[in-house]
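**Student:** got a predicted model here, sequence first, then my questions.
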Amino acid sequence: MTDTTGGLGSVLSPVAGGGIPETLLEEAAYEAHRLAATTLPDDVKRAFVGMRDREQEELPKRVLEAIVDNFHAAEDDQRPVCADVGVPRIYAVIGNETAIAGGFVSFERAVRRATGRITSDLALRSNRCHPITRRNPGNNVGVFAPNIEYRVEPDADYIEICAVHKGGAFGTDFRMLVDGDGLPGIRKAVLDAIAEFGRRGLTCPPVVIGVGLGGTKDQSFSIAKQAAQLRPIGDRHPDPDVAALEDELLEMANSLGIGAMGYVGTAGYATDVHVEIAYTHSALTPMGVHQLCQATRRGVVRVHMDGRTETRPTPSWFSDYSRRMGVE
Ligand code: SF4
């Protein structure tokens with residue numbers, strides 16, 4: 001991986017035995033936010049260009065041309081890909097060998113400070129407000145905001161910060177499937193979510209559909225969101241049964257005649273479908289569905305214990321370890 005962050009590690013003090021310093025983590029979180037806000041990942045750009053070239057209908061083709069023009073302009077001008085910043089959030093992969101100077105409180109302080117700074121510097125819309133009074137501090141920072149999810153990776157000495165600015169108030173759904181529902185029940189739940197929101201353009205398609213199957217109720221919803229946000233387009237689950245379901249659901253989503261922004265189209269509705277599973281109750285299968293809009297925004301920066309930083313094309317949130325089986 002190359003260091004494309006402008007050499008954060010070179011302008012800040014290298015780590016000197018005490019763990020990764022807060023200043024370096026703040027700059028890395030800031031850079032992850034900047035990338036998320038302004039620069040679509042390459043896999044997403046390729047998918048949109050391909051859809052634009054394939055689309056036969058005039059209206060969705062115009063939409064796709066605008067989407068492609070817009071992501072070029074956003075990157076060139078360093079301005080937000082969409083005026084709606086969604087709700088900025090962080091996923092952090094922590095190496096088991098990683099030390100942070102000041103500990104995790106220091107990391108969380110760095111993330112909150114970076115979030116406030118990027119909101120001001122890029123004039124991001126401040127969406128985060130009090131849910132009752134609507135009081136808005138103006139910096140996308142508040143109670144439980146930005147939310148940070150963690151996972152641990154063995155034999156690693158870095159901290160990987162992935163900023164996601166997910167918009168799309170619509171397109172999520174939850175079902176509690178019973179055993180008899182089987183695969184037809186899963187298909188129907190995805191189809192219902194598309195019919196309810198996608199055909200009206202409410203999800204700002206083309207979307208990435210994330211499906212979470214199993215686990216607990218809340219877990220199914222979380223892994224569905226992670227599946228939509230944290231896997232690159234074209235990625236397939238290592239379990240062949242799950243991968244086959246991903247292919248099937250993608251084909252279904254793209255055979256409905258719904259195109260970009262819900263117009264009748266030929267190039268498809270979804271850039272991909274990602275399914276994550278968790279072992280679940282023997283009689284019930286909770287199922288979450290998320291649809292990630294055309295502003296498919298994520299930025300990933302990894303900070304190593306020796307002070308090096310690197311931007312990465314995709315997060316390593318899902319790994320053999322995070323999907324492990326059995327008793328260790
Ligand atoms: S759903 Fe996505 S593309 Fe549509 S307005 Fe919100 S952030 Fe922008």
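**Tutor:** Noted; the coordinates are in hand. Residues are numbered from 1 along each chain as shown.

**Student:** where does pLDDT dip in the stretch 51-200 of the chain?
**Tutor:** For the stretch 51-200 of the chain, the stretches with pLDDT under 70 are 168-169.

**Student:** what's near enough to touch whichever residue of it sits closest to the ligand?
**Tutor:** Nearest residue of the stretch 51-200 of the chain to the ligand, counting by CB to the nearest ligand atom: residue 167, 2.1 Å away. Where you see a C-beta, it was placed from the backbone N, CA and C, and this is true even at glycine. Contacts for residue 167 were tallied using CB atoms under 8 Å, 6 or more residues apart in numbering; they are 82, 84, 85, 86, 204, 293, 295.

**Student:** out of the residues you listed, which touch the ligand?
**Tutor:** 82, 84, 86, 204, 293, 295 (CB under 6 Å from any ligand atom).

**Student:** any idea how far the first one lies from residue 293?
**Tutor:** If I follow you right, that is residue 82. 8 Å (CB to CB, to the nearest Å).

**Student:** these two: which has the busier surroundings?
**Tutor:** More crowded of residue 82 and residue 293, by other CB atoms under 10 Å: residue 293, with 23 against 18.

**Student:** the more buried one contacts residue 198, correct?
**Tutor:** No. Applying CB atoms under 8 Å as the test, residue 293 and residue 198 come out as separate, 10.4 Å apart.

**Student:** what residues of stretch 140-153 count as buried?
**Tutor:** Applying a neighbour-count criterion of 16 or more other CB atoms under 10 Å, one finds 140, 141, 142, 145, 146, 148, 149, 151, 153 buried in stretch 140-153.

**Student:** most widely separated two among those residues?
**Tutor:** With CB to CB as the measure, no two of the buried residues of stretch 140-153 lie farther apart than 142 and 153, at 29.3 Å.

**Student:** quick revisit: now intersect the buried residues of stretch 140-153 with the strands, please.
**Tutor:** Among the buried residues of stretch 140-153, the residues falling in strands (DSSP state E) are 148, 149, 151, 153.

**Student:** and of these, the nearest to residue 130?
**Tutor:** Distances from residue 130 to these, taken by CB to CB, are shortest for residue 148, at 19.7 Å.
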